[in-house]
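Asker: I need the structure of the sequence given here:
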Amino acid sequence: MDLNLIAKPAEARRQLWELLGAIPPPFPPRVRRIAKREEAAYTLEHFRFQNGLGDTVYGYLLLPTGVDFPAPALLYHHEHGGKYTLGKDAALRVRENGYAPGIALAEAGFIVLAIDAYGFGERETLGPGGAAERGASAEQTLFKQFLWQGRTLWGMMLHDDLCALAYLSSRDEVDAARIGAAGMSLGGSRSTWVAALDESIKAVVPISQLTRYRDFADSGGYRLHSIYYYVPGMLASGFDMEQIVALTAPRHQLILTGDSDPLSPISGIHKVMAYASEAYRQADAADRLELVLYEGVSHAYLPAMMEAMLAFFKRVL
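Answerer: Alright, predicted model coming up:
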């Protein structure tokens, strides 16, 4: 098995970043707190920062009560699903699995940070079309704008996530040696890529999104992933999901997905795991890469997935 693409991880990360377009390196942003409120199990800080690319990013920080700081922390990445108004509130609202993920993680003792991706939450009408555009229309406009600028929507999303990670790492309450990332669907892909690109992520749980691009393309299901997912030259680059997953080695990784998810064809999942498992084995970390396949499950966020994520982070962070 040829592992040459990830034999030099710093070079592989540089090549991946170049695929995303003319996007400057992420940086620790200057954050302004908008509001703060005390809840029974956590303190919620509502904040914003400038991303250095002309846009404002809005986010939440949940500081658990009754824990000793510095404490472990998590980036929680929201899903897509056409839920443009939701954004970072996905961390605070009860999902279809009966959990409010950010609150459940805070109750388990984790500091949690969640931001709105481009076109979501408080950023839904902050695209070039302003208040006249929202939802999928605003998302497509952002994609077109960034394409003309030599950038990609996916790269711009990741830039913001990595700036948020730098901010999280800088907080005095955070143990920077114990930071993880997690999310479902779009949030799962954001988590996978952030962990691949930044070694300060020590553990990652992508849920219901392990798309091997070639297998997905061969399935003909292009319509199933929204436009954010498409990076020019990706299939011609020599990179696919197996290299991206493998770049997290030797750090902890738990992948949770259904075996019948059309967004992540099962043939591709097997190829990703074969390659990444070998990379982990060569890194003497074979036991740090785990996959749980849910039989007969399509694109879903099951209670069992949420519970597995909680148990995993408690164990490894």
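
Asker: residues contacting residue 24?
Answerer: Residue 24 sits next to 52, 53, 159 when contact means C-beta atoms under 8 Å, 6 or more residues apart in numbering. From N, CA and C alone the C-beta is placed, and that goes for glycine too.

Asker: try it again with 10 Å
Answerer: Contacts were defined as C-beta atoms under 10 Å, 6 or more residues apart in numbering; by that measure residue 24 touches 51, 52, 53, 159.

Asker: you'd agree it is in a strand?
Answerer: No - the secondary structure assignment for residue 24 gives coil rather than a strand, going by DSSP: H, G, I helix; E, B strand; the rest coil.

Asker: Got phi/psi on it?
Answerer: Here the main-chain torsion angles of residue 24 (degrees, to the nearest 10) amount to phi -60, psi 160.

Asker: Kindly reformat the contacts of residue 24 as TSV containing neighbour count.
Answerer: Compiled in TSV, the contacts of residue 24 are given as follows (neighbours: other C-beta atoms under 10 Å):
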residue	neighbour count
51	19
52	15
53	15
159	25
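
Asker: Would you state the strands of the stretch 151-300 of the chain in chain order?
Answerer: 174-184, 203-207, 252-258, 289-294 (DSSP state E, counting those that start in this stretch).

Asker: quick one on the thing from earlier: mind picking the two most distant members of the contacts of residue 24?
Answerer: When these are compared pair by pair using C-beta to C-beta, the two farthest from each other are 52 and 159, 8.3 Å apart.

Asker: Quick check: neighbours shared by these two?
Answerer: 23, 24, 25, 26, 27.

Asker: now, among those residues, which is nearest to residue 288?
Answerer: The shortest separation between residue 288 and any of the shared contacts of residue 52 and residue 159 is 25.3 Å, and it belongs to residue 26 (by C-beta to C-beta).

Asker: Which pLDDT value belongs to the spatially closest residue to the closest one that is not a sequence neighbour?
Answerer: Closest residue to residue 26 in three dimensions, ignoring its sequence neighbours and counting by C-beta to C-beta, 6 or more residues apart in numbering: residue 162, at 3.6 Å. In this model, residue 162 is scored at 98, pLDDT.

Asker: Burial check on residue 162, number of neighbours?
Answerer: Residues contacting residue 162 under the criterion other C-beta atoms under 10 Å number 21.

Asker: Surely it and residue 77 touch.
Answerer: No - with contacts counted by C-beta atoms under 10 Å, residue 162 stays clear of residue 77, the gap being 11.8 Å.

Asker: between these two, what contacts are shared?
Answerer: Both residue 162 and residue 77 are contacted by 193, 194, under the criterion C-beta under 10 Å, 6+ apart.

Asker: quick one: pLDDT of residue 3?
Answerer: According to the model's per-residue confidence, residue 3 sits at a pLDDT of 84.

Asker: Might one say that it is in contact with residue 274?
Answerer: No - at 11.6 Å, residue 3 and residue 274 do not qualify as touching, with contact defined as C-beta under 10 Å.

Asker: Give me the more crowded residue out of these two.
Answerer: Regarding residue 3 and residue 274, a neighbour count based on other C-beta under 10 Å identifies residue 3 as having more, with 15 against 11.

Asker: what sits against that one?
Answerer: When the contact criterion is C-beta under 10 Å, 6+ apart, the partners of residue 3 are 242, 243, 246, 249, 275, 276, 278, 279, 282.
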